[in-house]
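A.B. asks: Sequence plus the predicted model coming up.
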Amino acid sequence: VEVIRTEDTDPDVFDAAYQWVKDIGKVPVSCGDTPGFIVNRLLVPSLMQALLMVDRNDASIADIDTSMKLGAGHPMGPIQLADYVGLDTCYYIMSGWMEKYPTESAFVMPKCLEAKVKEGHLGRKSGKGFYNWNGDKCGDPVV
């Protein structure tokens with residue numbers, strides 16, 4: 001559980017929150033106030049980089065995902081994960097970050113993501129995104 005410490009966080013409040021996370025049997029991690037904290041600050045830009053590869057026709061959706069599953073040991077590839085999370089969710093996170101942090105080079109919007117959201121193809125939740133979905137079961141990439 002990410003426990004966030006800002007410049008305004010009372011040290012006693014932070015310590016109590018950190019201990020509470022331990023008390024409920026979870027593992028706390030400390031993070032400063034950065035967009036997305038730790039997990040999403042690393043995850044969302046990496047998902048965008050995978051989609052930028054699609055924009056540039058660097059590799060197919062299936063090959064990008066297979067490469068990250070086999071080469072990096074991920075349980076699913078970044079494009080399948082974006083579909084699973086929701087392409088609209090990815091879009092709105094990145095849009096907000098781009099608006100608030102316009103000089104941050106890691107915050108970019110892939111054209112293929114914009115197109116999918118505009119078409120209403122939001123991934124798992126709509127049954128179609130970069131992949132076809134049947135409930136939580138991921139099918140073949142959309143051609």
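C.D. replies: On my side now, so go ahead.
A.B. asks: Please compute how far the longest helix that the chain contains lies from its chain's middle.
C.D. replies: When the chain is parsed with DSSP state H, its longest helix is helix 39-55. Chain-centre distance of helix 39-55: 7 Å, with CA atoms, centre = their mean, to the nearest Å.
A.B. asks: Ok, stretch 78-89 next?
C.D. replies: Using CA atoms, centre = their mean, the distance between the centre of stretch 78-89 and that of its chain works out at 7 Å.
A.B. asks: Mind listing what's buried along that stretch?
C.D. replies: Judged by neighbour count (16 or more other CB atoms under 10 Å), stretch 78-89 contains these buried residues: 78, 79, 80, 81, 82, 83, 84, 85, 86, 87, 88, 89. Where C-beta positions appear, they are placed from N, C-alpha and C, glycine not excepted.
A.B. asks: For that stretch, give me every contacting residue.
C.D. replies: Under the criterion CB atoms under 8 Å, 6 or more residues apart in numbering, residues 43, 46-47, 49-51, 54, 61, 64-65, 68, 74, 76, 90, 113, 116-117, 121-125, 129-131, 133, 138 lie in contact with stretch 78-89.
A.B. asks: what about that stretch, average pLDDT?
C.D. replies: Average pLDDT, stretch 78-89: 98.
A.B. asks: Likewise for stretch 111-123?
C.D. replies: Rounded mean pLDDT across stretch 111-123 is 98.
A.B. asks: which residue sits closest to residue 51, ignoring its sequence neighbours?
C.D. replies: Excluding its sequence neighbours, the residue lying closest to residue 51 (CB to CB, 6 or more residues apart in numbering) is residue 110, at 3.7 Å.
A.B. asks: circling back to that earlier point, can you select the buried ones among the contacts of stretch 78-89 for me in ChimeraX?
C.D. replies: The following ChimeraX line selects those of the contacts of stretch 78-89 that are buried, judged by 16+ other CB under 10 Å:
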select :43,47,50,51,54,61,64,65,68,90,113,116,117,121,122,123,124,129,130,131,133,138
